[in-house]
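*Asks:* everything below, folded, please.
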Amino acid sequence: MQMQRFIRAIYPAQCVACDVATTDDFGLCGACWRDTQFISGTICDACGTVLPGDFGDYDAKCDDCLRIARPWEKGRSVLAYTGVGRKLVLSLKHGDRTDLAQPVARWMVRKAEPLIQPDSVLVPVPLHWVRLLRRRYNQAAILANIMGKLMQTAVCPDALIRPRATSSLEGHGREARFRVLTGAVQINPKRQTTIAGRHVVLVDDVMTSGATLAACADACLAAGVIRVDVVTLARAVKDA
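*Replies:* The predicted structure is shown next:
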């Protein structure tokens, strides 16, 4: 107990978004909590975005998911990709803030737990080796590994590979994103027997159009996976 007080005196608890002092480690201060759009209520069953109204237990779909055939079954996200949510994602992805993975992975676990089955395996969205070399880590893999430990669920961090480098999708429209990513993700031949016949939960930091996750899901299904679900930290929302 004295050691904990000593550590707290040197390293006081701070908000993960703005570094303001907080009472708990790895939490949000009151102001950031109010400004964070946690996704709740009625959501699209396929991509996790917020929907107006109350559909009860009905498997509601957003307009995009009614137009686009998603190769996965269910999609869940924690935050809207705006404001504090966007700041957290960008800090984790580009700002070397891997310390954020621990708290946000706990949030993701709450969304993932209802999807987990006895044969489930968590599979992170992969990076091309050049991008991985530049960034030095794959944030999706870090999140998946933490989630796996918290839920005691299998993780296969290298089940998917990206043998072809693709340009940044920032600013691309939905059709362009899908076109660029067609065939860009493949199953790692060394891991096909590990995931074949199992339920895969894809893990990533953010879903925008869903093109990257669709490429990953297609690769998994082609390799013999029986079902794919998706869990992301954030979801890009319209008019956000």
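
*Asks:* contacts, neighbours, all on C-alpha from now
*Replies:* Fine.

*Asks:* contacting residues around C47?
*Replies:* Contact analysis of C47 by CA atoms under 8 Å, 6 or more residues apart in numbering lists 65, 74-77, 230.

*Asks:* next: A140.
*Replies:* For A140, the contact set (CA under 8 Å, 6+ apart) comprises 124-126, 203-205.

*Asks:* how near is G183 to R164?
*Replies:* 9 Å (CA to CA, to the nearest Å).

*Asks:* ah, wrong one, I meant T82
*Replies:* According to CA to CA, T82 stands 30 Å off from R164.

*Asks:* tell me which of those two has more neighbours.
*Replies:* The neighbour count for T82 versus R164, taken as other CA atoms under 10 Å, is higher for T82 (19 against 15).

*Asks:* that one contacts A236, correct?
*Replies:* Yes - the criterion here is CA atoms under 8 Å, and T82 meets it with A236 at 7.4 Å.

*Asks:* same list (the contacts of C47) but as TSV, adding pLDDT, distance to Q37 and secondary structure.
*Replies:* Shown next, in TSV, are the contacts of C47 (pLDDT from 0 to 100; distance: CA to CA, whole Å; DSSP: H, G, I helix; E, B strand; the rest coil):
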residue	pLDDT	distance to Q37	secondary structure
C65	92	21	helix
K74	96	21	coil
G75	96	17	strand
R76	97	14	strand
S77	96	11	strand
V230	98	19	strand
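
*Asks:* include distance to A196 and neighbour count when you put the residues you listed into CSV, please.
*Replies:* Formatted as CSV, these follow (distance: CA to CA, whole Å; neighbours: other CA atoms under 10 Å):
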residue, distance to A196, neighbour count
C65, 26, 15
K74, 19, 19
G75, 21, 25
R76, 23, 26
S77, 25, 30
V230, 17, 29
